[in-house]
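> Test case, fold it:
(2 chains)
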Amino acid sequence: MKDIRFDNVTKSFPTRSGTPFVAIRDVSLAVAEREFVAVVGPSGSGKTTLMRMAAGLDHPSEGSVRVGGREVTAPGPDRAVVFQQFALFPWKTVRENIAFGLRCKGVPRARQDEIVAHYLKLMSMEGTEDRFPHQLSGGMQQRVAIARSYAIEPDVLLMDEPFGALDAQTRTVMQEELVRLTRKEPRTVLFITHAVDEAVYLADRVVVLARDPGRLREIIDIRPTREAEDWDSRPIDQVMDLASFTHLRTQVWRLLRDQIRPDD
Amino acid sequence: MHGLPQAEPTNATIRPGAAARRSPGWRISRRVRIGLASLIGTFALWWLLTDITGVIGPHRFPAPAEFWAAFVQIAIDGYAGGTLITQAWYSTRLVIMGFLVAIATGVPLGLLMGVSHRAEALLNPAFLLVRPIPPLAWIPLAIVWLGLGDAAKILVIWFAAFVPSVINTWTGVRGVDRTLIAAARVHGAGELRLLWEVIIPGSLPMMFTGLRLSLQASWTTLVAAELVGAFFGLGRVLDAAYRDINPPMIAVAMLAVGVLGALTTRLVAVAERRLIPWRS
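I've put the predicted structure just below:
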């Protein structure tokens, strides 16, 4: 298992006017091994840029991004990404999609089948293995995408608003399932979202970003409360009614609210 | 919708005759019925304009009976050096060969230009220069180089069919969802796997659009090239019938080209459905 470290990371993009657009300014952040960190922030706070740099899909202009102590230079299977748009291969069946990363790693066929069967069961998707993604609901597609990322046993799981494209009910079910999955098979998780509820419910720590340019605003510790009140063994709706949950959610919400302008 | 009520299974016991008539084995799909109606309508209009009313005289366009006579003549005795089957096969063979050469070169080049910005920068200027030249303008040069035989025809078809294959494959590659490419990379795909399992399947729909355009271009240019100079083929039949002032034979040759064009396009469509099963 590996940790993620952002050290004084600045990311700017060139623009036509000549003055570069600064997406992220001087962010330092560490996600410990097996820790679940959620990042929330208004649009324009560079949440996705942060995730893309950890994935190796973008590179910092200044500072460094390290995973397991090694500088990130390119995408690699130690850092699997779950995308908002699912990004399943439409021409591959559920089984082939989940096995994709395993084939890249050269895992023997028999072992691939075992792993695929394991995740199909864990995500309660038995019987769908020969379907194509377009034959599945949005929630099911995102389960396949999560299974595809989990299957390669990455040290780090990067999730970019993975439930953002789902309807409210499916979203709740998926949040519960993700808690179940990440407690059963913990990974170092960087979870990007704009939903405060989701961040507080899922994460050990919630990182709040400010915008224009994107920078670190505050980090809120959730884990002590969650463990003290044993959130993980309760249903999601019960947890969200707890006074402690409401308190934390309000705390995060206040940090976000004063940044939101009427035109958002 | 037609006005008849749909037969329910319960009705079948009451009216066995109706149920038998509507059994799925007998039933012709709506599309086929409309297609048949359209064909019959066209035929009726043709007959009406020629034989019945004489609006179109026999020197301009043949009546059904003359058309049939010309058809029988070329099918059995032959015309311009061969029967309909040999002439049609001669043209079809050239189209298939030219088309295959064009896509075997055009699709890989389109892939290369789509994947590599360097290849695009290198090849695009030449491409922009050659592209506006109508394919038919190559016919004289092809004949000067290679004479009236097969090689010149294949060269001309290649010029015509190559461009749509390249452009559409290239556009297809450029249109592949960036997130899918990112997803492949973050799950450990190397360059070759990325090309083979993501970029090529992702650009297949556009590629097939290119293949259909290429096939059409192949037929167009072949017939034109055969009109300019050939020993055999449907274009040669057209040319001979024009010299003999034989409108019925011209019509037979035209219809033959139309039917063959439709059949070969159908083959591409079948291949498309086989290769893109996920687009149901």
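> Now stretch B:197-212: average pLDDT?
Model confidence over stretch B:197-212 averages 95 on the pLDDT scale.
> buried sites along it?
When burial is assessed from 16 or more other Cβ atoms under 10 Å in any protein chain shown, stretch B:197-212 yields the following buried residues: B:197-204, B:206-212. C-beta coordinates here come from the backbone N, C-alpha and C atoms, glycine included.
> Pull the number of nearby residues for residue B:120.
Burial of residue B:120, expressed as a neighbour count using other Cβ atoms under 10 Å in any protein chain shown, amounts to 16.
> Secondary structure class of it, three-state.
Under the three-state scheme (DSSP: H, G, I helix; E, B strand; the rest coil), residue B:120 adopts helix.
> Now residue B:127: closest residue in space, sequence neighbours ignored.
Nearest-residue entry for residue B:127: residue B:166, 7.3 Å, with adjacent residues in sequence omitted and distances by Cβ to Cβ, 6 or more residues apart in numbering or on different chains.
> just the strands in chain A please.
Under the criterion DSSP state E, strands of chain A are mapped to A:4-13, A:21-31, A:36-40, A:62-67, A:70-71, A:79-82, A:156-160, A:188-192, A:205-210, A:215-221.
> quick one, the longest one and strand A:205-210 angle?
Interaxial angle, strand A:21-31 versus strand A:205-210 (axes from the mean of the first three to the mean of the last three Cα atoms, to 10 degrees): 160 degrees.
> And the first one, by the same measure?
For strand A:4-13 against strand A:205-210, the angle between stretch directions is 20 degrees (the same axes, to 10 degrees).
> Now do the same contact list for residue 212.
All of this is about chain A. Residue A:212 sits next to residue A:44 when contact means Cβ atoms under 8 Å, 6 or more residues apart in numbering or on different chains.
> if you could check chain B rather than the one you did, that'd help
Contacts here follow Cβ under 8 Å, 6+ apart; on that basis residue B:212 touches B:265, B:268, B:269.
> quick one: the helix or strand harbouring the first one to chain centroid distance?
Read it as residue B:265. Using DSSP states H and E, residue B:265 falls within helix B:247-275. Relative to the chain's own centre, helix B:247-275 is displaced by 6 Å; criterion: Cα atoms, centre = their mean, to the nearest Å.
> who does the worst-scoring helix or strand of chain A on mean pLDDT touch, helix- and strand-wise?
Per-element confidence for chain A was summarised using mean pLDDT, DSSP states H and E. The lowest value among helices and strands belongs to helix A:168-184, with a mean of 87. For helix A:168-184, the packing partners by 3 or more Cβ pairs under 8 Å, 6 or more residues apart in numbering or on different chains; DSSP states H and E come out as helix A:138-151, helix A:196-202, helix A:236-241.
> and the stretch 51-200 of chain B, which residues reach chain A?
Of all the residues in the stretch 51-200 of chain B, those in contact range of chain A (Cβ under 8 Å from any Cβ of the partner chain) are B:177, B:179-180, B:182-190, B:193, B:197-198.
> hmm, which of those residues are the buried ones?
Of all these considered here, the ones buried according to neighbour count by 16+ other Cβ under 10 Å are B:179-180, B:182-189, B:193, B:197-198.
> Dump these to CSV, plus secondary structure.
Listed next are these as CSV, based on three-state DSSP:
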residue, secondary structure
B:179, helix
B:180, helix
B:182, helix
B:183, helix
B:184, helix
B:185, helix
B:186, helix
B:187, coil
B:188, coil
B:189, coil
B:193, helix
B:197, helix
B:198, helix
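> Quick check: PyMOL command selecting the buried ones in the contacts of residue B:212.
Restricted to buried positions by 16+ other Cβ under 10 Å, the PyMOL selection for these reads:
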select buried, chain B and resi 268
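> Could you list which of the contacts of residue B:212 also contact chain A?
Near chain A, by the rule Cβ under 8 Å from any Cβ, you find none of these.
> ok, residue B:92 touching residue B:257?
No. With contacts defined as Cβ atoms under 8 Å, residue B:92 does not count as touching residue B:257, sitting 9.9 Å away.
> Which one's more surrounded, the two?
A side-by-side neighbour count of residue B:92 and residue B:257, using other Cβ under 10 Å, places residue B:257 first with 24 against 20.
> Outline the domain layout of chain B.
Domains of chain B are assigned by automatic domain parsing as B:9-56, B:75-275.
> most packed of those domains?
domain B:75-275 (a mean of 19; mean count of other Cβ atoms under 10 Å in any protein chain shown).
> Could I get the average pLDDT for stretch A:95-108?
Per-residue pLDDT values over stretch A:95-108 give a mean of 95.
> quick one: contacts of that stretch?
Defining contact as Cβ under 8 Å, 6+ apart, one finds that stretch A:95-108 is touched by A:77, A:80, A:88-89, A:92, A:111-112, A:115-116, A:119-120, A:129-130, A:133, A:144-145, A:147-149, A:151-152, B:184, B:187-190, B:193, B:197.
> Could you rerun that using 7 Å?
Residues from elsewhere that reach stretch A:95-108 (Cβ atoms under 7 Å, 6 or more residues apart in numbering or on different chains): A:77, A:88-89, A:92, A:112, A:115-116, A:119, A:129-130, A:133, A:144, A:147-148, A:151-152, B:187-189, B:193.
> List buried residues within the residues you listed.
Neighbour counting by 16+ other Cβ under 10 Å classes A:77, A:88-89, A:92, A:112, A:115-116, A:119, A:129, A:133, A:144, A:147-148, A:151-152, B:187-189, B:193 among the contacts of stretch A:95-108 as buried.
> before we move on, back to that, can you put the helices and strands packed on helix A:168-184 in a markdown table and add distance to residue A:217?
Conversion of these to a markdown table gives the following (distance: least, Cβ to Cβ, whole Å):
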| stretch | distance to residue A:217 |
| --- | --- |
| helix A:138-151 | 28 |
| helix A:196-202 | 13 |
| helix A:236-241 | 23 |
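> mind checking which of those helices is nearest chain B?
When these are ranked by proximity to chain B, the top entry is helix A:138-151, at 6.7 Å, counting by Cβ to the nearest Cβ.
> same for that closest one, what does it pack against?
Helix A:138-151 is packed against strand A:79-82, helix A:94-105, helix A:109-122, helix A:168-184, with contacts defined by 3 or more Cβ pairs under 7 Å, 6 or more residues apart in numbering or on different chains; DSSP states H and E.
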